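Student: predicted structure and sequence below. I'll ask about it afterward.
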Amino acid sequence: MDFDLTWLLWGLPIAFGLGWLASRLDLRQLRIENRLAPKAYFRGLNFLLNEQQDQAIDAFIEAVQNDPDTSELHFALGNLFRRRGEYERAVRVHEHLLSRADLSRADRHRAQHALALDYLKAGLLDRAEEALRKLEGTAYEEQALLALLAIYERSRDWPQASEIARKLDAAGSGQFSGRQAHYLCEQAASATPAEAEQLLQKAMKLAPRTPRPRMELAALRRKAGDARGAFDLLVEAAEAVPIALPLLAKPMTDAAAASGRENEALQLLRTSYEHLASLDVLDGITALEDDQESARQWYVQHLKREPSLVAAAKWIAGEKLEHEQFHPDVQRALDHAVKPLTRYRCAACGFEAKQHFWQCPGCQAWDSYPARRVEEL
């Protein structure tokens, strides 16, 4: 059968025409998509920069509808939902991303991290924990461990917090030995005396320059009737961390009085006071002085060294005034005025409290309370 060249002559122009028409249709569709998606996307960015989150969300939703395969738009939309507190919608966006088979490995880890943050912000700590555990071995592992540490601290799960702190320490993500010592002290607070002793001894070895383990072990010894052992521990703490002596002054004074070592304690506090004129150290000295007049002179010396309304109020409390009938009213006014000055203040967030905290109740930072009172800062 002979081949008819006529068909070839007709077929080539027809095939060329169809190909040209298909390419024009594809280009036209691409131009439409490029015209629609960027407009919505950039409009959303503009709203976001102007802090108009509602309009930004609407624009990003429109952009996602025009191009549902764009992962960056989904991430932007999910983050916006989280910032607005719409955690359920944020979760749906990030779960949708994780369900996509075409998502790259890096974007999958990113979506997993974003999902964990959604649960964390929503207060769903069990789901957040599960999501964060899946990030082990990824680029987000360090962030996940820090978030897990915050979860375990909030739930007061100290053994789990210790495990995470050890991992962060081993990974070189910071120094966590002091925090691990605090975890051991927290566990000791609810343990039997024998178990508490072991936990506190371990904490002392782990963080020898942290005063809390020795202070709590001294309290444990004092409760058991071993005042001398308690005093020795407090002296060790003062030598290891001199800046913490204002916190040690009161328990040290009590332990010295119970063990007959007042002179030893008085000498240590006097020496410390020469380097650090602390109100708490001053109170310890006046409590140990035999002569009341000598004790009161310490307040006068303190006032010469630096102005202090707290010291002035304590000195006036023992004075005889010319108009003695007004003394109680004057003293009451002074005591009221100095109360805010005797508080402790967190160096991280400024939260003030009557007592010293190892972990700030406001910002949850550890060791953020200086050992000195507000008036001394």
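Tutor: Looks like it arrived, so ask away. Here the structure is a predicted model, which means the values were calculated and not measured.
Student: how far away is Gly260 from Pro213?
Tutor: Per C-beta to C-beta, to the nearest Å, Gly260 is found 26 Å from Pro213. Heads up, the C-betas are built off the backbone N, CA and C, glycines and all.
Student: who has more neighbours, those two?
Tutor: Per other C-beta atoms under 10 Å, whichever of Gly260 and Pro213 has more neighbours is Pro213, with 25 against 11.
Student: what's the closest non-adjacent residue to the more buried one?
Tutor: Leaving out its chain neighbours, the residue that sits closest to Pro213 by C-beta to C-beta, 6 or more residues apart in numbering is Ala203, at 3.8 Å.
Student: before we move on, what about Glu375?
Tutor: Leu341 (3.9 Å).
Student: tell me the contacts of that neighbour?
Tutor: Counting by C-beta atoms under 8 Å, 6 or more residues apart in numbering, Leu341 touches 309-310, 373-375.
Student: quick check: it vs Pro307, distance?
Tutor: 11 Å.
Student: and if you look at Ala161?
Tutor: Using C-beta to C-beta, Ala161 is found at 43 Å from Pro307.
Student: Phe81 too?
Tutor: 54 Å.
Student: please apply the same query to Leu266.
Tutor: 25 Å.
Student: go on, Asp157?
Tutor: On the measure of C-beta to C-beta, Asp157 and Pro307 end up 47 Å apart.
Student: more neighbours: which of these two?
Tutor: Asp157 (15 against 10).
Student: quick check, pLDDT for Thr70.
Tutor: Note for Thr70: predicted pLDDT of 65.
Student: same thing with Leu248?
Tutor: With respect to pLDDT, Leu248 scores 91.
Student: now for it, how many residues are close by?
Tutor: 28.
Student: give me every residue that touches it.
Tutor: Per C-beta under 8 Å, 6+ apart, neighbours of Leu248: 211, 215, 234, 237-238.
Student: quickly find the element holding it.
Tutor: helix 245-259 (DSSP states H and E).
Student: in that helix, what counts as buried?
Tutor: 245-249, 251-256, 259 (16 or more other C-beta atoms under 10 Å).
Student: ditto for stretch 213-223
Tutor: 213-222.
Student: could you dump the residues you listed to TSV with pLDDT, distance to Leu276 and secondary structure?
Tutor: Listed next are the buried residues of stretch 213-223 as TSV, based on pLDDT from 0 to 100; distance: C-beta to C-beta, whole Å; DSSP: H, G, I helix; E, B strand; the rest coil:
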residue	pLDDT	distance to Leu276	secondary structure
Pro213	93	22	helix
Arg214	94	19	helix
Met215	93	18	helix
Glu216	93	23	helix
Leu217	94	24	helix
Ala218	93	20	helix
Ala219	93	23	helix
Leu220	92	27	helix
Arg221	92	26	helix
Arg222	91	24	helix
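Student: which single one of those residues is nearest to Leu303?
Tutor: Met215 (29.7 Å; C-beta to C-beta).
Student: what about the strands in the stretch 201-350 of the chain?
Tutor: 344-345 (DSSP state E, counting those that start in this stretch).
Student: low-confidence regions, it specifically.
Tutor: 318-323, 325-326 (pLDDT under 70).
Student: from the buried residues of helix 245-259, which is closest to Ala131?
Tutor: Leu247 (39.8 Å).
Student: and the closest one, what does it touch?
Tutor: Contacts of Leu247 (C-beta under 8 Å, 6+ apart): 211, 215, 280, 356, 371.
Student: wait, doesn't Arg82 sit right on Leu120?
Tutor: No - Arg82 lies out of contact with Leu120 (C-beta atoms under 8 Å); the separation is 9.7 Å.
Student: what distance separates the start and the end of stretch 164-182?
Tutor: Start and end residues of stretch 164-182 are separated by 14 Å (C-alpha to C-alpha, to the nearest Å).
Student: quick one: buried residues of that stretch?
Tutor: Neighbour-count burial for stretch 164-182 flags 164-165, 167-168, 176-182 (criterion: 16+ other C-beta under 10 Å).
Student: mind listing residues that contact that stretch?
Tutor: 141-142, 145-146, 148-149, 152, 162, 183, 203-204, 206-207, 210, 212-213, 358-359, 366-367.
Student: repeat that for 6 Å
Tutor: 142, 145, 148-149, 162, 203, 206-207, 210, 213, 358, 366 (C-beta atoms under 6 Å, 6 or more residues apart in numbering).
Student: tell me how far it is from the chain's mean position?
Tutor: 14 Å (C-alpha atoms, centre = their mean, to the nearest Å).
Student: cool, and stretch 369-377?
Tutor: With C-alpha atoms, centre = their mean, you get 20 Å for stretch 369-377.
Student: what residues of it count as buried?
Tutor: 369-373, 375-376.
Student: returning to that earlier point: of all the buried residues of stretch 213-223, which two lie farthest apart?
Tutor: So, the buried residues of stretch 213-223 by C-beta to C-beta: farthest apart are Pro213 and Arg222, at 14.8 Å.
Student: for Gln198, give its distance to Ser162.
Tutor: 14 Å.
Student: picking up where we left off before, could you export the contacts of Leu247 as TSV, including distance to Arg133?
Tutor: Below are the contacts of Leu247 laid out as TSV (distance: C-beta to C-beta, whole Å):
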residue	distance to Arg133
Pro211	35
Met215	35
Asp280	44
His356	35
Ala371	38
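Student: nice, that's everything, thank you.
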